[in-house]
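> Model the structure of this input:
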Amino acid sequence: MTDTEDRSQLSVLHVTPEIAPFSKVGGLADVAGSLPSALYRLGADVRVMTPSWPGVTERLSEKGAEEISDPAYVCVMLRNREYCGSVRLFVLDGLKICLLEHHDLFSSSGIYPQDLDPVSVTPFAFLSLAAVEYSLYGGWRPQVLHLHDWPSSLAAAALKWHKKYSFADGKPRTVLTIHNLAHQGTLPLSALNDLGMGPDSFSLDGAEFYGKANLLKGGIVAADLVTTVSPNYAREIMTPEFGEGLEGVLAYRKEKVSGILNGIDTAVWDPASDRLIPANFSIGDMKGKKVCHASLLSECGWDGFQGPVLVSVGRLVRQKGLDILLDALDEILAAGARLAVIGTGEGSLEKKFADASARRPDGLHFRPAFDDRFARLSYAGGDIFLMPSLFEPCGLSQMISMRYGTVPVVRAVGGLADTVFDVDAGPRGTGFTFEDLSPGALAGAVKRALAHFAEPRRWSQLRKRCMERDFSWDPSARSYLSLYRSLTE
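Residues are numbered from 1 along each chain as shown. Below you'll find the predicted structure:
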């Protein structure tokens, strides 16, 4: 089958509230910025619809995106008012980006509102219904709408229950990806009427959930297929521990739920070509990692330290298990390691790490900032990467750390269990895992890692296994293509 023939057979519109590198709050943006491009490279006719938040148009221009047609116009009814916007079509490296513009709705640089209510949900409702309108009447008719999390899940619900769109001919099939089940888009039940939804959506078999409207729940019920960002997370969310109240809904529909592991952009995250680290390196030539290690020590004020350096890069939020890291800190430092932490987030955690760093500057370096250069230096110069998450739908940091030869210590949940295999469980091990959410379990896993680190030849082999793992998007994109074809053939 030729590339052109394949494109003519499968057309997909991704709908996302954020997309890296143009607008980004969390990991959803990384997926939206990489998966469609991987699908395009494999031959699919892919477009991505995303809002024109402040600065997005300028960033598209900076990256060399070219506007290739006159804008299309979409109008939808919300809260008894007609909202009209334009869809500007850009192309960047072959991928077509549908930039949805509405000056009033997409004026927030923060993207998500602090509190969700029938008014603040309007930008996301407009995105969802505009995607439906564009798919049905925009001239280009995608076979599949691929929706990302609650902000676009209304599109699936609208195709099933909306007073207008549920009666349309030639409706696309729908795939909803849950990136983080903790965020569900909950509103007063009456808001469904403001969104144009019909009476069936108000029921238990619709978007109603404990007397409220739950946009994600409505999407789960209405979508043809539901995916999560790792196979293990797909299983976990059907249990009370990880289901965030929706475990029953998901378990009842388990036949249409599957998990496909996220990837990382291996061109962006490549120690052999990364321009932000002081020296490049690869599996065949690791000298540059020693240079990066020395540079990390210097920036932390630990010149001359000969032991292992542990690193943690990410948001400072409770989900990441950082409370137990703080509680295990003294035991970890007493074992001969030092720890560098970079990230911002919850104020209480930032203060705790700042206080701990002031108390133990000899062992903890804390950088409360989003600093891409220092983050990459940590990945490249660290020896061990810590990720003791309470839950982790997929996780990207552990994949990045392995690509940079920094061995992960993780709690065996979600995508962490799918990507890190314990060294002591078999010959293909790539890190160290633990299950109990406790400081003692984390410290125990770190001590096992330090024991392996003390044997240079063994550690070198482990590091090589980490760097050999293929975390590119191509395997995941092929799985999504198969999923789409199951709906369209």
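> Can you pull the domain assignment for the chain?
For the chain, automatic domain parsing gives the domain ranges 3-263+474-488, 287-468.
> These: which one's closest to P271?
Closest approach to P271 among those is made by domain 287-468 (5.0 Å; Cβ to Cβ). Any C-beta I mention is one placed from the backbone N, CA and C, and that applies to glycine too.
> Mind putting the domains of the chain into CSV with mean pLDDT, mean neighbour count and distance to D274?
Formatted as CSV, these follow (pLDDT from 0 to 100; neighbours: other Cβ atoms under 10 Å; distance: least, Cβ to Cβ, whole Å):
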stretch, mean pLDDT, mean neighbour count, distance to D274
domain 3-263+474-488, 94, 19, 15
domain 287-468, 95, 19, 6
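> Put together CSV for those, with distance to L276 on each row.
Formatted as CSV, the domains of the chain follow (distance: least, Cβ to Cβ, whole Å):
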stretch, distance to L276
domain 3-263+474-488, 14
domain 287-468, 5
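> now for those, which one comes closest to A272?
Closest to A272 of those is domain 287-468 (Cβ to Cβ; 8.6 Å).
> Can you tell me which helices and strands the longest strand anywhere in the chain packs against?
Criterion DSSP state E: the longest strand present in the chain is strand 81-92. Applying 3 or more Cβ pairs under 8 Å, 6 or more residues apart in numbering; DSSP states H and E, one finds that strand 81-92 makes contact with strand 66-67, strand 72-78, strand 95-101, helix 122-137.
> what's the angle from whichever helix or strand comes after the last one to helix 122-137?
Sequence-wise, the next helix or strand downstream of helix 122-137 (DSSP states H and E) is strand 144-148. Following axes from the mean of the first three to the mean of the last three Cα atoms, to 10 degrees, one obtains 170 degrees for the angle between strand 144-148 and helix 122-137.
> which helices and strands sit right next to strand 144-148?
strand 11-15, helix 27-41, helix 122-137, helix 149-161, strand 173-178, helix 474-488.
> Any chance of JSON lines for these, columns distance to G301?
Converted to JSON lines, the helices and strands packed on strand 144-148 look like this (distance: least, Cβ to Cβ, whole Å):
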{"stretch": "strand 11-15", "distance to G301": "45"}
{"stretch": "helix 27-41", "distance to G301": "31"}
{"stretch": "helix 122-137", "distance to G301": "45"}
{"stretch": "helix 149-161", "distance to G301": "41"}
{"stretch": "strand 173-178", "distance to G301": "42"}
{"stretch": "helix 474-488", "distance to G301": "40"}
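> which one of those lies closest to A72?
Of all the helices and strands packed on strand 144-148, it is helix 122-137 that lies closest to A72, at 6.8 Å by Cβ to Cβ.
> which residues in the stretch 201-350 of the chain form helices?
Using DSSP state H, counting those that start in this stretch, the helices found in the stretch 201-350 of the chain span residues 215-222, 231-236, 247-252, 287-300, 322-334, 347-359.
> Distance to L154 added to the ones you listed, as CSV?
Output for these, formatted as CSV (distance: least, Cβ to Cβ, whole Å):
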stretch, distance to L154
helix 215-222, 6
helix 231-236, 22
helix 247-252, 17
helix 287-300, 45
helix 322-334, 33
helix 347-359, 32
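> Of all those, which one is nearest A279?
Minimum separation from A279 across the helices of the stretch 201-350 of the chain (Cβ to Cβ) falls at helix 287-300, 3.6 Å.
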